[in-house]
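Peer 1: okay, sequence plus prediction incoming.
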Amino acid sequence: MADSTHTDYGTAIGLIFEEFAKLLVTKNDDRLFNYDPDEQAERITKALHRMDHVAPLVPLTDADVDLAGFGTAPLIFTATLGDRGVDYLLLSHVADELGWFMPRAHEWAELQAGFALEDQRTEDEERGDGRLGWDRMRDYIRLDIDLIVDDSEAKPDAGGKRWSSYSDWLIARDRLPALLSSSPWSKEFMDNVMPAFSYSMRNIWGDRLKDVVTYSGDGVPTGSSLYDALRDTGGLSEEEALQRARRGASLDAPKPFACTHPGCTKGEPHSVWMHNNRPERG
């Protein structure tokens, strides 16, 4: 009976992975690179099965995540290994909401995955039992779909064409703050969350922060402690700071306008700061 149940689960999750892969391939039909649609779907399915063997992936439906007021994106899967559960979003869903050019979002995910691998191997060596761990690497799952898109910021190839290749990823929900702080909305996000961050740090560490010396950009002690630096919450109460952290694009921020920069979606609203500092928007 147990074997039958396991087989039924394996068949069902396999079909779910295959359907997910087909939908992702169809979504990117005009950007497929190196492999035909069937091969791309097979690569995605294999990537999901690899992770599923480490920590079983359970599909999620009707569960959206607020991107700190800058949009929403659906949760796709959840997985638990030991006492740690991870909820996953699709990077392209998040990038679409943030107006983040996918090759740049891919570069961020690839960099973070590399850091996670280094941290995991360091942890493995310190543990010293010869085992290779996975926990730190579970936050960034490359789906191995190969995609290509025109990119005006890329170096030209031998034929003079400018393009970038990239993949899509499953990203852990608790990596969203790091993602948002690297996205086109990074300045707005950091401005929004700093008061709440200040309250959180003081609540967690308390008077111990008074012993942490702060330095200027020139490396000279400021004469103030980190506790002093974190006291500036813009006159907001803790509740107001939490509300601000989730407000997204604020009403007093530079007004959105229709960007005409090459690669931007005409009429897509974004701030003056984003236009001047994030030319890769697309």
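Peer 2: Received it, and whenever you're ready, just let me know what you need. What you are looking at is a predicted structure, and each value in this text was computed from that prediction instead of being measured.
Peer 1: quickly find the element holding the spatially most central residue of the chain.
Peer 2: For the chain, the residue nearest the mean C-alpha position is Leu179 (4.0 Å; CA atoms, centre = their mean). Using DSSP states H and E, Leu179 maps to helix 176-180.
Peer 1: residues in contact with that helix?
Peer 2: Here helix 176-180 makes contact (CB atoms under 8 Å, 6 or more residues apart in numbering) with 65, 67-68, 70, 89, 94, 98, 108, 112, 171, 186, 189, 193. Every residue, glycine included, has its C-beta placed from N, CA and C.
Peer 1: surely Lys155 touches Lys161?
Peer 2: No - with contacts counted by CB atoms under 8 Å, Lys155 stays clear of Lys161, the gap being 10.4 Å.
Peer 1: excluding chain neighbours, what is closest to Glu18?
Peer 2: Residue nearest to Glu18 in three dimensions, not counting chain neighbours: Thr45, with 5.5 Å by CB to CB, 6 or more residues apart in numbering.
Peer 1: what comes up buried for the helix or strand where that neighbour lies?
Peer 2: Using DSSP H and E, Thr45 sits in helix 37-54. For helix 37-54, the buried set under the neighbour-count rule, 16 or more other CB atoms under 10 Å, comprises 40-45, 47-48, 51-52.
Peer 1: downstream of it, the next helix or strand is which one?
Peer 2: strand 57-59.
Peer 1: give me the next element, helix or strand, following that next one.
Peer 2: strand 64-66.
Peer 1: what average pLDDT does stretch 213-221 get?
Peer 2: The predicted model assigns stretch 213-221 a mean pLDDT of 82.
Peer 1: re earlier: mean confidence for the helix holding Leu179?
Peer 2: pLDDT averaged over helix 176-180 gives 94.
Peer 1: which residues are contacting the next helix or strand after it?
Peer 2: Proceeding N to C from helix 176-180, the next assigned helix or strand is helix 186-205, under DSSP H and E. Residues outside helix 186-205 that contact it (CB under 8 Å, 6+ apart) are 68-70, 177, 180-181, 183, 209, 226-227, 230-234, 236, 238, 240-242, 244-250, 253, 271, 273, 277.
Peer 1: against Val65, how distant is Glu97?
Peer 2: Glu97 sits at a distance of 10 Å from Val65 (criterion: CB to CB, to the nearest Å).
Peer 1: just the contacts of helix 186-205: which are in strands?
Peer 2: Within these, no residue falls in strands by DSSP state E.
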